[in-house]
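[1] Quick check, what structure comes out for this input:
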Amino acid sequence: MSAPILYWVRRDLRLSDNPALVAACAAGGPVIPVFICDEVVESHGAAPKWRLGLGVEAFAKALEEAGCKLILRRGDAFPVLQKLIEDTGAKAVHWNRLYDPDSRKRDEGVKAGLKDDGIEAFSHNGHILFEPWTVETGGGAYYKVYTPFWKNVRSRDPGEALSAPKIPAPGSWPASDDIADWQLGAAMNRGADIVAEHLNVGEPAARARLANFIGHGIDDYSDARDNLAKNGTSLLSENLAYGEISARACWWAGQRAMEEGKQGAETFLKEVVWRDFAYHLVYHTPRITSGNWREEWDAFPWNTDERKAEVKAWKQGRTGMAIVDAAMREMYVTGRMHNRARMLVASYLTKHLMCHWQIGLDWFEECLVDWDPASNAMGWQWSAGSGPDATPYFRVFNPETQAEKFDKNGRYRMRWLAEITNQPPETATSYFDAIPRSWNMSPGDGYPDKPIVDAAEGRKRALHAYENRNF
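    Residues are numbered from 1 along each chain as shown. Predicted coordinates for the structure are as follows:
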């Protein structure tokens, strides 16, 4: 019998349209899927690490139903793979590529080490639509602005989605860890029970979510996605983050909807490509994840002290700017935040409060179950003005006018702020069951009489700082 092949599972927790799994199964030997709680996984914040663990459990169950098994190991990726190769006699390893700096550093080291050991190493594109190096301007450069990027790829064929393969099993399985021993949700503390009610875990759930959106939500998507009180988005970011559904599956579903004349289909396709654009930038300019994309912003005098009172108020949803506070509490209860609200809270932190975007980026990585390293980095820098935004950096969102436009009747704010209504809904009160006890907050607390920085004052202060910048 041919030597086994290791399929290294990362952010591709699905059986269908999985290029690395398909290639491993086609190679002629038994396939051993392995997930490693490695140096990259260990670096994740509380919510994404916990949610990844839940996704791994769901994928392990799906593999078992397919007559296979997921081997779990913990430790730095390369020595763990070396030990598995020693245990199994495997001669090749397949995986789907990732593009953020930490993953690339790990993967490049693994590939070089495997080749030095005489083991074949194959990486595949299973995370995005188009490889970052395949999309170029007319001059052969990478794209820095989204619209021309979209125009370049909108007519491209990303290839048909692949069917789930039949996975050939080995005669015996290597030893596996018990995922419960890893305690991936330990940092969630009591918040896990609250957030768990809002999750949509696993490939079947992801495919059902896409089908429901295409069938019932995509027609109104162009307008409804900005309505804070309405569930007008696809909610697929959670599943895309862990590869429980592929970007290609979303692309073809959107294309079919567009052929059927559904009005919001092209807008949805643009959002799928927006995710690709984030990875395009992360690949070509990896500094975007940890430093200013526009390097001249290194001289800008943002506050970098997370201990300041206004930063604490922002994190706790106690700024007194109701639309901002509602969004921050939505994130703490559900692990997600409405996309329009993400822009508002980011603008308020970086412009009204004049705090460094890195503070917000790190907090989102701690709290979001749909955390994605590329989208998070691009979103924060786009909002702060230091990133790839074609609109001038001095744009400052007015949270009050944004609330009037996108939450006209205040339903979103009442859904998440217990202190502003006499009969708060469970969505609002559950926030106090999720937060750390050390915050010493309760639904009976009075809401701040006024914002810590009001809309007009904050805009004036931000514009003054921009006018006197040293670049």
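[2] what stretches of this structure score poorly on pLDDT?
    Under the criterion pLDDT under 70, the flagged ranges of the chain are 1, 390-393, 470-471.
[3] what's the offset of the helix or strand hosting H280 from the middle of its chain?
    Secondary structure from DSSP states H and E places H280 in helix 265-284. Relative to its parent chain, helix 265-284 has a centroid offset of 13 Å by CA atoms, centre = their mean, to the nearest Å.
[4] now do stretch 89-97
    Computed by CA atoms, centre = their mean, the chain-centroid distance of stretch 89-97 equals 26 Å.
[5] which residues touch that stretch?
    3-12, 18-21, 23-24, 27, 29, 32, 81, 84-85, 107, 110, 114, 119-127, 131, 243 (CB atoms under 8 Å, 6 or more residues apart in numbering). The C-beta positions use only the backbone N, C-alpha and C, and glycine is treated the same way.
[6] which of these count as buried?
    4-12, 18-21, 23-24, 27, 29, 32, 81, 84-85, 107, 110, 114, 119, 121-127, 243 (16 or more other CB atoms under 10 Å).
[7] R104: neighbouring residues, count only.
    15 (other CB atoms under 10 Å).
[8] re earlier: what about the contacts of stretch 89-97, which are in helices?
    Within these, residues falling in helices by DSSP state H are 19-21, 23-24, 81, 84-85, 107, 110, 114.
[9] the domain parsing of this structure - what is it?
    Domain assignment of the chain by automatic domain parsing yields the ranges 1-126, 128-160+201-284, 295-467.
[10] ok so, going back, could you name the helices and strands sitting against the helix holding H280?
    Judged by 3 or more CB pairs under 8 Å, 6 or more residues apart in numbering; DSSP states H and E, helix 265-284 is in contact with helix 146-153, helix 221-224, helix 247-259, helix 373-384.
[11] wait, doesn't D276 sit right on I128?
    Yes. The pair D276 and I128 passes the contact test of CB atoms under 8 Å, sitting 5.0 Å apart.
[12] which residues are in contact with both of these two?
    A247.
[13] among the helices and strands packed on helix 265-284, which is nearest H44?
    helix 373-384 (9.3 Å; CB to CB).
[14] okay, the helices and strands packed on helix 265-284 in TSV with mean neighbour count and distance to V195 next?
    Shown next, in TSV, are the helices and strands packed on helix 265-284 (neighbours: other CB atoms under 10 Å; distance: least, CB to CB, whole Å):
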stretch	mean neighbour count	distance to V195
helix 146-153	16	31
helix 221-224	17	24
helix 247-259	20	24
helix 373-384	24	18
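[15] now those in JSON lines, with distance to H352?
    Below are these laid out as JSON lines (distance: least, CB to CB, whole Å):
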{"stretch": "helix 146-153", "distance to H352": "25"}
{"stretch": "helix 221-224", "distance to H352": "27"}
{"stretch": "helix 247-259", "distance to H352": "34"}
{"stretch": "helix 373-384", "distance to H352": "12"}
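[16] Can you check which of those helices gets nearest to R73?
    Short answer: helix 373-384, nearest of the helices and strands packed on helix 265-284 by CB to CB, at 22.8 Å.
[17] Now do the closest one against helix 265-284, angle only.
    100 degrees (axes from the mean of the first three to the mean of the last three CA atoms, to 10 degrees).
[18] Off-centre distance for helix 373-384?
    11 Å.
[19] Stretch 188-195 now?
    Distance, stretch centre to chain centre, for stretch 188-195: 19 Å (CA atoms, centre = their mean).
[20] Okay, buried residues for it please.
    For stretch 188-195, by 16+ other CB under 10 Å, it's 188, 191-192, 194-195.
[21] Between which two of these is the distance greatest?
    That would be M188 and I194, which, of the buried residues of stretch 188-195, are the farthest apart (CB to CB) at 9.3 Å.
[22] Would you check that A121 makes contact with L114?
    Yes. Counting by CB under 8 Å, A121 touches L114, with 4.3 Å between them.
[23] burial count for A47?
    Applying other CB under 10 Å, we find 26 other residues in the vicinity of A47.
[24] Please settle this for me: is V34 part of a strand?
    Yes. Assessed with DSSP: H, G, I helix; E, B strand; the rest coil, V34 lies in a strand.
[25] That one: neighbour count?
    Neighbours of V34 under the rule other CB under 10 Å: 22.
[26] list the contacts for it?
    V34 makes contact with 6-9, 70-73, 81, 84, according to CB under 8 Å, 6+ apart.
[27] got it, and W416?
    Contact analysis of W416 by CB under 8 Å, 6+ apart lists 317, 325-327, 329-330, 333, 427-428, 431.
[28] Drop anything exposed from these.
    Here, 16+ other CB under 10 Å leaves 317, 325-327, 329-330, 333, 427-428, 431 buried among those.
[29] Please identify which of those residues is nearest to F149.
    Closest approach to F149 among the buried ones among the contacts of W416 (CB to CB): A327, at 27.8 Å.
[30] Now the closest one. Nearest residue, chain neighbours left out?
    Spatial nearest neighbour of A327, chain neighbours left out: A341 (3.5 Å); criterion: CB to CB, 6 or more residues apart in numbering.
[31] tell me, how many neighbours does the one you found end up with?
    So A341, with other CB under 10 Å, has 24 neighbours.
[32] Surely it is within a strand?
    No. Secondary structure of A341 (three-state DSSP): helix, not part of a strand.
[33] show me the residues around the residue lying closest to E42 once chain neighbours are set aside that make contact.
    Spatially, and ignoring its direct neighbours in sequence, E42 is nearest to K49 (7.9 Å; CB to CB, 6+ apart). Residues in contact with K49 (CB under 8 Å, 6+ apart) are 41-42, 184-185, 187.
[34] count of neighbours near V80?
    18.
[35] With H356 as the reference, measure out to it.
    In this view, V80 and H356 are 36 Å apart by CB to CB, to the nearest Å.
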